[in-house]
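In: What follows is a predicted structure for the sequence shown.
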Amino acid sequence: MINEVTKHQFNFNDFDHFAEMIGEIALIEHSQLDCGVFCGKLDQIVCGPVIIHMHRMNRKILQNGSGAPGFTSFLLTDFMKVDMHWRKKRLNGNVLGILRANMEHSCVTPIDFSAISISIEDRFLQDIASTLGHEYFFHTIRNKETLNIDEKDALKIRHLVKAIKQCELPASNIVANHIAELIIKSVLSSATNIHYKLASNRGKVFQKAKEIIHSNYENPINVAILCKEIGTSERNLRYAFKEYSGLSPKKFMTHYKLNKVRKLLYTGKYEKVVEAANEVGFWHTGKFAADYKILFGEFPSEMLKAKSPLG
């Protein structure tokens, strides 16, 4: 029996709904970094063992998580000139990101960002690679996070995904085979051209600081503590945050904690905003509420009311 290609399109004006939807298909947590109401779009195309996602987000988003078990995902920005900070590298143009199961996923996407993610079941990917005479495909990519594929191959992948989205393609096995073959050939033809443009020392500083903030968000952390823990100067820390997030360290910490409160309120388990705020380490409720409104475009009480059983 031939399965049909299935397509779903989702539009979001609720950041939490968007993050929840992505969380169902990938082990990734989202946090909004810049101020304003969120708008997003997600196109999902399922071709049997191949799942394609086309993401569009109007806000600057921090993503953290890991690759989905049993799948290898290949990431490509939607346009050649768009880029993002991905792990310790930059993902742009014809740079293909590779995300395997249990591999850390960490990135900051810019405002008005769009990208393509192609997730392929490992067993199916191995079968196609073996059919093409490349039994050791996974061995070839085992230590690679990104590859500079040929620009023509990058355009072929983008065009193929858009063609699948726009056309009626009933045979999912044919589509899945075509996508997998194109990915494998693009990767293998560029496997020796590893993208070695590592992040500067500032990139490493940002990553380390981010890890500390994520692990201790409920505790008071300031710039001096971060500098001491990392072993860097305050000036270098500020430059690192400016380059990789567009925010000061203090504002980044505040925005991250505000996102944590929003996620708690979204669960509908709290009777009062102050309970969730205190749990994350906010004690000045007036300042907290004002900062929350600036970041998300609504007061925390509005989220509480929306998620209340009495609603």
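Out: The structure has been received and is ready for your questions.

In: drop to CA atoms for contacts and neighbour counts, all remaining ones
Out: OK.

In: Point out where the stretch 101-250 of the chain drops to low pLDDT.
Out: For the stretch 101-250 of the chain, the stretches with pLDDT under 70 are 168-171, 191-200.

In: got the residue ranges for the helices in it?
Out: For the stretch 101-250 of the chain, the helices defined by DSSP state H, counting those that start in this stretch occupy 122-131, 137-141, 151-166, 172-189, 201-215, 223-230, 234-245, 249-266.

In: and of those, who's closest to A290?
Out: Ranking the helices of the stretch 101-250 of the chain by proximity to A290 (CA to CA) places helix 249-266 first, at 10.9 Å.

In: in that closest one, what counts as buried?
Out: In terms of neighbour count (16 or more other CA atoms under 10 Å), helix 249-266 has its buried residues at 249, 252-266.

In: Pairing partners for the residue positioned nearest the centre of the chain in the sheet, please.
Out: Nearest residue to the geometric centre of the chain (CA atoms, centre = their mean): Q63, 4.1 Å. Counting by DSSP bridges, Q63 forms beta bridges with H30, C107.

In: right, and it touches P110 too?
Out: No - applying CA atoms under 8 Å as the test, Q63 and P110 come out as separate, 11.4 Å apart.

In: Break the protein into its domains for me.
Out: When the chain is parsed with automatic domain parsing, its domains come out as 6-189, 201-307.

In: roughly how far is the longest one from the heart of the chain?
Out: Think domain 6-189. Counting by CA atoms, centre = their mean, to the nearest Å, domain 6-189 is centred 10 Å from the centre of its parent chain.

In: Between the two ends of that domain, how far is it?
Out: Terminal residues of domain 6-189 are spaced 30 Å apart (CA to CA, to the nearest Å).

In: which SS class is D34?
Out: What DSSP: H, G, I helix; E, B strand; the rest coil gives for D34 is coil.

In: could you list every residue that touches it?
Out: By CA atoms under 8 Å, 6 or more residues apart in numbering, the contact set of D34 is 59-61, 295.

In: repeat that for 6 Å
Out: D34 is in contact with K60, counting by CA atoms under 6 Å, 6 or more residues apart in numbering.

In: Dihedrals phi and psi, it?
Out: Dihedral angles phi and psi of D34 (degrees, to the nearest 10) take the values phi -110, psi 160.

In: you'd agree H8 is up against Q44?
Out: Yes - assessed by CA atoms under 6 Å, H8 is found in contact with Q44 at 5.1 Å.

In: the more surrounded of those two?
Out: Comparing H8 with Q44 by other CA atoms under 10 Å, the one with more neighbours is Q44, at 18 against 11.

In: What residues does the more buried one make contact with?
Out: With contact set as CA under 6 Å, 6+ apart, Q44 has these partners: 7-8, 52-53.

In: try 10 Å
Out: Q44 makes contacts with 6-10, 51-55, 117, 165, as judged by CA atoms under 10 Å, 6 or more residues apart in numbering.

In: could you redo those as CSV and give each row distance to K305 and secondary structure?
Out: Output for the contacts of Q44, formatted as CSV (distance: CA to CA, whole Å; DSSP: H, G, I helix; E, B strand; the rest coil):
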residue, distance to K305, secondary structure
T6, 36, strand
K7, 34, strand
H8, 30, strand
Q9, 28, strand
F10, 24, strand
I51, 36, strand
I52, 35, strand
H53, 32, strand
M54, 32, strand
H55, 29, strand
S117, 35, strand
K165, 38, helix
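
In: from those residues, which two are the most distant?
Out: Greatest spatial distance in these: T6 and H55, 16.9 Å, computed using CA to CA.
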